[in-house]
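In: okay, predicted coordinates and the sequence, questions at the end:
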Amino acid sequence: MLILVVSCLLAVAVNISMADLKVEQLPGPLAVLGEGPTWDADTQSLYYVDIMGSAILRYNRAENKTYRATIDGLSDISMIIQVRNKPDQFVLGTRNTLSLVSWDGRTEKATFVKTAGDLGESQKHVRFNDGKVDPQGRLYAGTMRLETLGDIFDQKEGKFYRFEGKVGGEFYEQKRDISVSNGLTWDEQTGKFYYIDSAALDVKEFDVDEGGNLQNETVLYDIRVEGKNPGFVCDGMTSDAEGNLYVA
């Protein structure tokens with residue numbers, strides 16, 4: 001396995017260097033806080049969100065053009081997940097709820113369809129952050145304390161969930177005592193799941209049972225330098241077909 005950690009300060013990897021990386025900026029509109037990129041192979045499009053701008057975006061590779069839309073009444077949009085076999089429908093992380101919206105990928109307004117899941121009154125102090133679907137199509141997403149309530153690394157009030165939309169929109173807690181729930185990805189060949197809580201300064205590895213529940217938590221990679229905070233944290237994460245991890 002190759003693990004690539006890239007920040008403004010450091011690149012750590014096996015058989016790769018910063019010279020091998022090419023970074024290109026997508027055409028505007030620019031995002032205030034761009035997050036949650038997800039690639040749609042069918043349309044050759046990259047979907048992502050602007051959390052602080054409360055918007056969803058789509059970069060069309062063939063046109064080299066980015067489209068942006070907002071949804072009336074929805075804010076703190078933290079992730080965008082395309083619904084299987086419904087190319088114009090998406091599940092968004094919206095504050096402490098999951099919202100189903102409709103968007104053609106071009107217009108400046110998307111349409112709210114319904115609330116797909118709600119964490120309830122007890123979780124009004126948090127918002128969703130990163131979320132993805134696993135190879136079986138199950139949605140996993142985590143939360144973090146609202147930035148307006150103070151230092152997000154100071155408290156561990158976030159949780160990590162598996163969401164089952166087909167059985168009435170139920171959340172199944174997988175992990176708690178999280179500061180900033182962030183990057184997540186899977187290795188289909190080994191069945192392993194990888195996860196980042198930014199404040200933990202590491203990448204964790206889990207087994208996943210047949211029901212999609214996480215088990216056997218271990219630390220795969222620790223970014224501390226001689227036991228000390230390196231001055232940055234892990235954020236987003238993805239993996240390739242060979243099981244290599246790429247960590248921002």
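Out: Perfect, I can see it now.

In: let me see the contact set for the nearest residue to Lys132 once chain neighbours are set aside.
Out: With sequence-adjacent residues excluded and distances taken as C-beta to C-beta, 6 or more residues apart in numbering, Lys132 is closest to Leu184, at 5.5 Å. Heads up, the C-betas are built off the backbone N, CA and C, glycines and all. If a contact means C-beta atoms under 8 Å, 6 or more residues apart in numbering, then Leu184 has 130-132, 140, 142, 193-196, 237 as its contacts.

In: what of Asn182?
Out: So Asn182 contacts 129-130, 142, 196-198, 234-237 (C-beta under 8 Å, 6+ apart).

In: how far away is the residue positioned nearest the centre of the chain from Leu30?
Out: Nearest residue to the geometric centre of the chain (C-alpha atoms, centre = their mean): Asp130, 2.7 Å. Here the criterion is C-beta to C-beta, to the nearest Å. By it, Asp130 lies 21 Å from Leu30.

In: could you do Ala141 as well?
Out: With the distance defined as C-beta to C-beta, Ala141 ends up 25 Å from Leu30.

In: before we move on, what about Gln215?
Out: From Gln215 over to Leu30 the distance is 41 Å, taken as C-beta to C-beta.

In: what about these two, which has more around it?
Out: Set side by side, Gln215 and Leu30 show more neighbours around Leu30, with 13 against 10, by other C-beta atoms under 10 Å.

In: Validate this expectation: the more buried one resides in a strand.
Out: No: counting by DSSP: H, G, I helix; E, B strand; the rest coil, one finds Leu30 to be coil, located in no strand.

In: what does it show for phi and psi?
Out: Listed backbone geometry of Leu30 is phi -80, psi 150, with angles given as degrees, to the nearest 10.

In: please report how far it lies from Ala41.
Out: Between Leu30 and Ala41 the computed distance is 25 Å (C-beta to C-beta).

In: pick the one among the contacts of Asn182 closest to Val23.
Out: When the contacts of Asn182 are ranked by distance to Val23 (C-beta to C-beta), Gly236 comes first, at 14.2 Å.

In: re the thing from before, what separates the closest residue to the residue nearest to the centre of the chain other than its chain neighbours from Arg145, distance-wise?
Out: Sequence neighbours aside, Asn182 is the residue nearest to Asp130 in space, at 5.2 Å (criterion: C-beta to C-beta, 6+ apart). When C-beta to C-beta is applied, the distance between Asn182 and Arg145 equals 13 Å.

In: look up the pLDDT of Met18 for me, please.
Out: Per-residue pLDDT puts Met18 at 60.

In: let me redo that: Asn244
Out: 89.

In: how is this protein carved up into domains?
Out: Following automatic domain parsing, one finds the domains of the chain at 1-23+125-248, 31-118.

In: where among these is average confidence lowest?
Out: Note on the domains of the chain: domain 1-23+125-248 shows the lowest mean pLDDT, a mean of 88.

In: so how far is that one off the chain centroid?
Out: Taking C-alpha atoms, centre = their mean, to the nearest Å, the mean C-alpha location of domain 1-23+125-248 is offset from the chain mean by 8 Å.

In: now do stretch 83-91
Out: Per C-alpha atoms, centre = their mean, the displacement of stretch 83-91 from the mean C-alpha position of its chain is 17 Å.

In: from the contacts of Asn182, pick the one nearest Leu119.
Out: If you rank these by distance to Leu119 using C-beta to C-beta, Gly142 comes first, at 11.3 Å.
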